[in-house]
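Q: below are the sequence and a predicted model; questions follow.
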Amino acid sequence: MKNTKFVVKVNRVGTLVPQYVQRINVIPIQTTPNRKLALLMGRFTAEDTVTSIQNSRCTPELISVQVTT
């Protein structure tokens, strides 16, 4: 069975490597360049994360990932 989970990709101004959200329970939100270490989350949690980190320096983006359970 496959589920759809979401990863939040963050493009920051001045960096070439995209970052992915690793942890959301700390402030500021921790990111990692390794997509395998990124936090897989549900759609509503991912949308909340995107709205909370949206500012002029970074552009968050939702990426869907198929996960087999």
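A: Perfect, I can see it now. Residues are numbered from 1 along each chain as shown.
Q: check which helix or strand covers the residue nearest the centre of the chain.
A: When C-alpha atoms, centre = their mean is applied to the chain, the residue found nearest the centroid is residue 8 (1.8 Å). Using DSSP states H and E, residue 8 maps to strand 2-12.
Q: distance between the next helix or strand after that strand and the chain's centre?
A: Tracing the chain C-terminally past strand 2-12 and defining elements by DSSP H and E, one meets strand 19-23 next. In terms of C-alpha atoms, centre = their mean, to the nearest Å, the centre of strand 19-23 is set 5 Å apart from its chain centre.
Q: helix or strand right after strand 19-23?
A: strand 30-32.
Q: could you list the low-pLDDT ranges of the chain?
A: 56 (pLDDT under 70).
Q: just the angle between the strand holding residue 8 and strand 19-23, please?
A: 110 degrees (axes from the mean of the first three to the mean of the last three C-alpha atoms, to 10 degrees).
Q: just to revisit the earlier point, in the sheet, who's paired with the residue nearest to the centre of the chain?
A: Counting by DSSP bridges, residue 8 is bridged to residue 62.
Q: check contacts around it.
A: 20-21, 38-39, 41, 46, 49-50, 53, 60-63 (C-beta atoms under 8 Å, 6 or more residues apart in numbering). All C-beta spots, glycine's among them, are computed from the backbone N, C-alpha and C.
Q: between the residues you listed, which is closest to residue 3?
A: residue 41 (11.5 Å; C-beta to C-beta).
Q: residue 6 contacts residue 43, correct?
A: Yes: using C-beta atoms under 8 Å, residue 6 is in contact with residue 43, at 5.7 Å.
Q: neighbour count for these two, which is higher?
A: residue 6 (22 against 12; other C-beta atoms under 10 Å).
Q: gap between the more buried one and residue 69?
A: 15 Å (C-beta to C-beta, to the nearest Å).
Q: over to residue 58?
A: 31 Å.
Q: these two: which has the busier surroundings?
A: Each of residue 58 and residue 69 has its neighbours counted (other C-beta under 10 Å); residue 58 has more, 14 against 6.
Q: that one bridge partners, please.
A: Beta-bridge partners, per DSSP bridges, of residue 58: residue 12.
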